[in-house]
Each structure stands twice: as C-alpha cells, then as structure tokens.
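Visitor: What follows is a predicted protein model with its sequence.
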Amino acid sequence: MATKERSPGERALDDLSDDDVASFAADLRGEPVFPADDGYDDARELWNGMIDRYPAVVARCTGTADVVAAVNFARETGLPLAVRGGGHNVSGSAVCDGGLVIDLAPMNGVFVDPEARSVRVGGGAVLGDVDRETQLHGLAAPLGVVSQTGVGGLTLNGGVGHLRREHGLACDNVRSVEVVTAAGEVVRASESRRPDLFWGVRGGGGNFGVVTEFEYDLHAVGPEVVGLFVWYHGDDAVTALRGFRDWSESAPRQASVLPFTAFVPDTEEFPEHSWGEPAIVLLGCFAGDPGDAAHVLRPLRTLASSVADLSGPVPYVELQSMLDEDYPDGLRYYWKSVFLDHLSDEVIELTARYGRASPSALSTVDIWHLGGAIADVPPDATAYWHREAPFMLNFEANWEAPEDDEENVAWVRDGIEAARALPGVAGQYANFPGFGDDPSRLTFGGNAERLAEVKATYDPENLFRFNQNVAPASDAAK
Ligand code: FAD
C-alpha cells in the first residue's frame, strides 16, 4: 500500500525527542505552528509564490524572550534556523526546509518619541506600521517604497526608498538595535556599544543574530509631498532615459527618482488606446519645499508626449502604499540587481530592449537613482559597500503561471548577465538577490573580510545562514 511521503518538516520532527519539542512549545508565549496544525500552510507561505518549503516548526514570537527560546532550541537540537521579518525577500530565505522559523510578525510595535526624533520598531514590523505612527507627528524614517515590506530585511541589507538621496539608506538612519545573538544573549548595539556589531547590522543582513528592535532617526517629512508619476510610450524609452540622465547630473537631493519599464495597465487613468502598450515610467518623490517641486520636476514631465501624467501633491503615507497592489502575495517573483558607476547609453538601450521583450506584462526593469546622502558615507563606514554607485539596475520578473517560471527567470538572468558584460557594472544588492544564487562577495565587496570577523564573534557556528551568507572568519582559516 502506498504511503504519503513525509515532508522535510515532519521528518525533522521525527528526529527530535517529544519531550524536547513539548518543553520548547511550553516555553513560548507565542504560538508554535507544527506540520500537523491547521495554520501550518499559512505559516510557511511567503510573499513569493515560487517558494514552497516545509519547516519543522514556525515559532510565532511575541517578544525577545520567545526569540531567545527559539534560538537556543535551534542551536541545541541542530535544527536549521531561518528568520522571518516581513517575509518579502525574493530569495525566500525567511523559511527553510526541515528547520525552525523564527516568525517575528507579532513583534510589530512602533513607539515614536517626537522630541528625540526617534522611533523604536519591533523586528517584525512592516513599513506601513512605521509610517502610520511616525506621520502622526509629521515625521518619517527613510525606508522603502512598498508598505508591506518588512523593516527587518530591508534595513539589515541597506534599504532604499523615496527619501534616500536626502536622508540616506534605512540602515544609515539606525540609532541602535537590540539583537539576540547565536549564543542566545540579548545585546544592544549602537555607535558607542558594540560598534563592531553595529557596523555589521548596517548592510550585513541577518548574519549576526535576530534584531528584535530597531531604533531609527526621524526626519520632518510631509504629511504631503509631491509625487512624480509620469508615463511615456515605450517608443520614447531611450529619449526619456537620456533626459533623466541629464537631469540627474544636477538633481537636488530632495528628489529621488526611479525610472522603470512597464506595460500600460487597462485602468481608467490611462487612455484606452494605450492599454497594453510598452511604457517607460518615471516614479519619484520630491520632499523639499513644495513651491520648488514644479520647477525641479518639470524637465522629467516633458521628456516626450506623455501617455498619462499622474504627478502631484500626495500624502506621504499614500505614496508609500501606492505600489502595494502591484505586488500581491503568492504571485511568482524573481528579482536581481547590479550597481552602475554611470548610466551609459548601452545600459539605457539594454533597459529599453529587455523591458519591451519581457515575457510577462507585469515585469519591469528599474533604474534607481542613488547618490546624495548614500554616497556621503564612506563604503567601509558600515557593512553596506556599494555607496559610490550613482545608479542601481534591477530586473523584476513578476508572473502568474508556474509553467512560465523558466522563461521569466531566464529573462532576468540573461538581462543581468548582459548588463554585467558592460563597463562600470558591478556588485549586487542583497535585497534584490535572485534566489541567492551568486557569491555574497558580490554584495559585500571590500567589506567581506571584516564581516567574516564580526560573524566569527557573534555567530561562530553560522547558525544564521539563510541569508546572503558570510562564513565566519575561523572557517576560512581552517
Ligand atoms: P524576509 O524575507 O522576512 O527576510 C529576509 C532576510 O532578512 C531573512 O532571511 C533574515 O536573514 C533577515 N531578517 C529579516 N528580519 C530580520 C530581523 N528582524 N532580524 C534578523 N534578520 C532578519 N528594498 C528596498 O531597499 N527598497 C524598496 O523600496 C523595496 N521595495 C520592495 C517591494 C516589494 C514588493 C518587495 C517584495 C521587496 C522590496 N524591497 C525593497 C526588497 C526588500 O527590502 C527585501 O526583500 C527585504 O529583505 C525584505 O525584508 P523582509 O523582512 O520583508 O524579508
């Protein structure tokens, strides 16, 4: 008689003692979710529908003590350990087969101190949780551009958002963190306390422990800013991107702009005759004096005859969630990035060509304008290395049907490979890492050795390895 094959999660549980599992479950204040439980499939699902993994247990942690219990249990039993913040990293590193997942989602408290211009944020919060509270006071922490993204992964790997050129990366705005290390110790890190760990968590990803709390600097932003959202026909892509390049050379820091290729959606904001046509879109934010916005953004709104221009004043929280519906849970995603030391004609041509040829109308090729405050910080001052690059190119394949997986993944890989063959193209951004298929040195560049030293101090056995992984320095020396 055929028996149903046991999943990796069930097999891993079989190898553990029932008493150990029961005592771990009793130790948690939050809910442990096991393969036999009703909520198991929900608990193991990630934003990216490409990822289908079966952990032994998902520990829904409600506080630091739960995280300590989970880290200790994984270390003592030898279970693989994954950490889930917002569950949005495209690589799916937040869930592992046959292991323990620390799910930080219940730890999403946000506490603003308007006088100190700071906010304390639970390690499982998403961007929208933070913006909602900080905007009550007309303040914002620089994060990303989609409200459902987790602050955890976004910040630990850098974090680029609408305020990036004026206020830097999300990680540049971290004042302190609380971390549970591989030994299960709870430590605080800041410029003055454990500066090595503080250096590492600002760009080194989840390599050093579980961040249970981030404390960020806040800046006066909004409540209304000026959004740029202008759509041109794809036939004008090269002209528009060259115009954007000219504008970027003297762009003020208060403006952060992100051109991307797309296809015109069939919605009422767009003329019907343009639906489905290839497009080049300029998305951005001007968070300076609103009186200056028209003058600053005008050149970008007149690069060609627009299909639609939806630019204008917008509440900051609205801008922050404007793209949410484009990235539903469960769709299939594969994203990959490179940094550019200039925006060459070749990259512009490649962007336009690949954008048009995308196998899915939901996919985009994005050019992030960086520089400004990001480049004020030397590359070795924090673990985030690629500060001098004024642009980042990111291929986003977004599609629906599993039978189209191969074609869409190949489109991204071909595009990235073609870009890497061009002069001035290097590196990778850990928040857009494909399936983590490339060596982590691409991400960490000249900071790789120092990261390995910090790793050896805080996680010598590489317990935290489902990430852009840094091997502990001692491993390399063996
Ligand atoms: P998860 O998948 O939960 O975590 C990824 C990894 O980070 C984990 O495997 C773990 O190693 C680590 N990790 C997460 N939280 C913690 C924690 N508290 N402590 C220790 N380790 C932790 N990036 C940008 O820079 N700017 C953007 O505007 C932007 N927009 C995006 C929009 C969408 C729709 C999506 C899906 C992604 C976007 N990203 C953006 C990329 C995003 O920053 C990364 O996917 C990021 O890793 C997501 O963080 P997360 O906590 O949701 O991910």
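Guide: Received it, and whenever you're ready, just let me know what you need.
Visitor: In three-state terms, how would the closest residue to the ligand within the stretch 201-350 of the chain be classified?
Guide: Closest to the ligand within the stretch 201-350 of the chain is residue 206: 2.7 Å, counting by Cβ to the nearest ligand atom. No exception for glycine: its C-beta is placed from N, CA and C like everyone else's. Using DSSP: H, G, I helix; E, B strand; the rest coil, the structure places residue 206 in helix.
Visitor: ok, it touching residue 154?
Guide: No: using Cβ atoms under 8 Å, residue 206 is not in contact with residue 154, being 11.5 Å away.
Visitor: Any figure for the gap between the nearest residue to residue 398 once chain neighbours are set aside and residue 420?
Guide: Leaving aside its chain neighbours, residue 398 sits nearest to residue 362 (4.0 Å; criterion: Cβ to Cβ, 6 or more residues apart in numbering). Distance from residue 362 to residue 420, counting by Cβ to Cβ, to the nearest Å: 24 Å.
Visitor: out of these two, which sits in the more crowded spot?
Guide: residue 362 (19 against 14; other Cβ atoms under 10 Å).
Visitor: about what we covered before: which element is the residue nearest to residue 398 on?
Guide: Under DSSP states H and E, no helix or strand contains residue 362.
Visitor: so it makes contact with residue 399?
Guide: Yes: counting by Cβ under 8 Å, residue 399 is a contact partner of residue 362 at 6.2 Å.
Visitor: In the chain, which helix is the longest?
Guide: Across the chain, the longest stretch assigned as helix under DSSP state H is helix 405-420.
Visitor: got the contact list for the helix or strand that that one is followed by?
Guide: Of the helices and strands lying after helix 405-420 in sequence (DSSP H and E), the nearest is strand 425-426. If you take Cβ atoms under 8 Å, 6 or more residues apart in numbering as the criterion, strand 425-426 is touched by 338, 339, 340, 341, 347, 386, 389, 393, 419, 420, 442.
Visitor: swap the cut-off to 10 Å and go again
Guide: Defining contact as Cβ atoms under 10 Å, 6 or more residues apart in numbering, one finds that strand 425-426 is touched by 338-342, 344, 346-347, 350, 386, 389, 391, 393, 416, 418-420, 442, 445.
Visitor: residues shared between the contacts of residue 362 and residue 399?
Guide: Joint contacts of residue 362 and residue 399 (Cβ under 10 Å, 6+ apart) are 331, 332, 333, 408.
Visitor: Max pairwise distance over the residues you listed: which two?
Guide: 331 and 408 (11.0 Å; Cβ to Cβ).
Visitor: So what's the residue count around the residue of the stretch 201-350 of the chain closest to the ligand?
Guide: 28.
Visitor: How about it: what's its closest non-neighbour residue?
Guide: residue 467 (4.4 Å).
Visitor: dump the residue contacts of that neighbour.
Guide: Counted by Cβ under 10 Å, 6+ apart, residue 467 has contacts 82-83, 89, 91, 93-94, 153, 156-157, 204-208, 430, 433, 436, 440.
Visitor: let's go with 6 Å and repeat that
Guide: With contacts defined as Cβ atoms under 6 Å, 6 or more residues apart in numbering, residue 467 is in contact with 93, 205, 206, 207.
Visitor: thought the last one was touching residue 471?
Guide: Right, residue 207. No: if you go by Cβ atoms under 6 Å, residue 207 and residue 471 don't touch, sitting 9.7 Å apart.
Visitor: Which of those two has more residues huddled nearby?
Guide: residue 207 (26 against 17).
Visitor: Name the residues of this structure found near the ligand, please.
Guide: Contacts of the chain with the ligand, taken as Cβ under 6 Å from any ligand atom, map to 47, 82-90, 93-94, 104, 123, 144-146, 149-150, 152-154, 156-161, 205-206, 210-211, 327, 431, 466-467.
Visitor: Provide the secondary structure category for residue 388.
Guide: coil.
Visitor: Nearest residue to it in space, please, no chain neighbours.
Guide: Nearest to residue 388 is residue 375, by Cβ to Cβ, 6+ apart, at 5.9 Å.
Visitor: Show me where the stretch 51-200 of the chain has its strands.
Guide: 57-60, 81-84, 100-103, 110-113, 118-122, 139-140, 174-180, 186-190 (DSSP state E, counting those that start in this stretch).
Visitor: Identify all contacting residues around the strand or helix carrying residue 456.
Guide: According to DSSP H and E, residue 456 maps onto helix 448-458. Helix 448-458 is touched from outside by 181, 196, 200, 204, 207-209, 383, 441, 444, 470, 472-474, with contacts defined as Cβ under 6 Å, 6+ apart.
Visitor: can you name the two of these that are farthest apart?
Guide: 181 and 441 (24.0 Å).
Visitor: More neighbours: the two, which one.
Guide: Taking neighbours as other Cβ under 10 Å, residue 181 and residue 441 compare with residue 181 leading, 20 against 17.
Visitor: and the nearest residue to that one once chain neighbours are set aside, how many neighbours?
Guide: Nearest non-adjacent residue to residue 181, counting by Cβ to Cβ, 6+ apart: residue 209, 4.4 Å away. By other Cβ under 10 Å, the residues close to residue 209 number 28.
Visitor: show me what contacts residue 209?
Guide: Taking Cβ under 6 Å, 6+ apart as the test, what residue 209 contacts is 179, 180, 181, 458.
Visitor: Can you list the low-confidence ranges for the chain?
Guide: 1-3, 475-478 (pLDDT under 70).
Visitor: if we can go back for a sec, please indicate which of the contacts of strand 425-426 are buried?
Guide: 338-340, 344, 347, 350, 386, 389, 391, 393, 416, 419, 442, 445 (16 or more other Cβ atoms under 10 Å).
Visitor: Mark which of those are part of helices, please.
Guide: Filtering the buried ones among the contacts of strand 425-426 for helices - DSSP H - leaves 347, 350, 416, 419, 442.
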